[in-house]
Structures are given as structure tokens and as C-alpha cells.
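S.K.: got a sequence here, can you build the structure:
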Amino acid sequence: MAQEKRSSGLIRNGAMDTDSLSVGSMLLRMLLLAIIDGFVVWFILALIPRGNLVLAIAVAVITVIVNVVVLHPKAGPLRWMIIGLVLMAMFAVYPILYTVYVSTTNYGFGHLLTKEQAVQQFEGTMYLPEGRGQYTWTAYISPDGEFALWLRDAEGQGYLAFPDQPITSPALGEQ
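M.R.: Predicted structure coming up:
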């Protein structure tokens, strides 16, 4: 008569024996998963108001997959690979998918502001008040490391500007 050989320990027929896991081990696993899930929920709630909906969805999907792998009894071998798979998804797969998303929409640097906001910012930084002239300039630096600007207006008049000092109009031969 052939006797059936029984294996002892945590591995039985290539799968993890969840019956022999201690209560402490299961509680520790659940506690760590709850901490990770809490951080992920906070992270997703921080991403959504900033307009990063695609990243928030990607993080949520990856978190659900991690929860399934950690909680499902037959997913024991995947538990050893889940960290590498998550990192691969976040640093390789997500950037590829995000690039495809950006290339098929008008979401880009030139479309972040409305037309009114863009005009207002442009006028705030590039507006030349009436009665003021335009200048050509040349920057200089002394051997001591001090900076100066030589400004020339449309009539050819020259002006000298030093940091934190008023602009002067030196006469010829003046130092």
C-alpha cells in the first residue's frame, strides 16, 4: 500500500497554506495595508484638486491591485513581486500612457490659462507705459564682481545703471 506523503509547514501543493498563518501575522498584514491605503487616499485627495485626475486614477487602480494581491489567498507568489510591479507601473507604464494622453488632447503648456488670464499676465510683465522710451543695453562686470548696465535711448543718449542706485547720465570722460 502506498502511503500519501503530507507536507508540513506553510507551503502545500505550491500554494500558501493560509490556515497555518497566525492571527498576529494576519493582523500585521491588515495593519500595514490599512496604513498604505490611508496614505493613498490622502494622496489621491491631494491630487484631484490640483487637476491631476489621470495620476489619481492610476494610483487608485494600482492600490486596488495591491489590495487584491495582499488579501487573496492564492496570490502568494505575486506578493513577492508586487513592489517591483508597482514601481514598474508608476515609472514606466504611467509615463507612456500619460504621454499618449497629452499627445491626443490640447492639454499642454500653451493651454493652461484662459485667454483673459494670458493677456492679463502678458500686459503685467511686458507693458511699456506711455511717455517712456525703449533702451538698448549692454551689461558689464568689473574685476571686483560688480555689475553695471549701459543704457542707450532712441536719440543716442547714454545712461549708466548700477544695482540699488539711481540711473545717471554721465558726461564724456566721467568715471
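
S.K.: ok, longest helix in this protein?
M.R.: If you go by DSSP state H, the chain has its longest helix at helix 23-47.

S.K.: gap between the helix or strand following it and the chain center?
M.R.: Per DSSP states H and E, helix 23-47 leads on to helix 53-71 as the next helix or strand towards the C-terminus. Taking Cα atoms, centre = their mean, to the nearest Å, one finds the center of helix 53-71 at 18 Å from the center of the full chain.

S.K.: run a quick neighbour tally on Val119.
M.R.: A total of 11 residues lie near Val119 under the criterion other Cβ atoms under 10 Å. C-beta: built from backbone N, CA, C; applies to glycine.

S.K.: could you look up the SS state of it?
M.R.: At Val119 the chain is in helix, as set by DSSP: H, G, I helix; E, B strand; the rest coil.

S.K.: what of Trp150?
M.R.: Relying on three-state DSSP, one would call Trp150 strand.

S.K.: now name the helix or strand holding the closest residue to it other than its chain neighbours.
M.R.: Spatial nearest neighbour of Trp150, chain neighbours left out: Thr138 (4.7 Å); criterion: Cβ to Cβ, 6 or more residues apart in numbering. Using DSSP H and E, the element containing Thr138 is strand 136-141.

S.K.: for that strand, packing partners?
M.R.: Applying 3 or more Cβ pairs under 8 Å, 6 or more residues apart in numbering; DSSP states H and E, we find strand 136-141 packed against strand 147-152.

S.K.: pull the CA atoms of the strand it packs on into PDB?
M.R.: Extracted in PDB, the C-alpha atoms of strand 147-152 (Å, rounded to 0.1, in the frame of the first residue of the first chain):
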ATOM      1  CA  PHE A 147      27.600  94.800 -12.300                       C
ATOM      2  CA  ALA A 148      26.600  97.800 -14.400                       C
ATOM      3  CA  LEU A 149      24.300  98.400 -17.300                       C
ATOM      4  CA  TRP A 150      24.900 100.900 -20.100                       C
ATOM      5  CA  LEU A 151      21.600 102.100 -21.500                       C
ATOM      6  CA  ARG A 152      21.100 104.000 -24.800                       C
END
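
S.K.: so what are the sheet partners of it and their directions?
M.R.: strand 136-141 (antiparallel), strand 158-161 (antiparallel) (DSSP bridges).

S.K.: great, nothing more from me.
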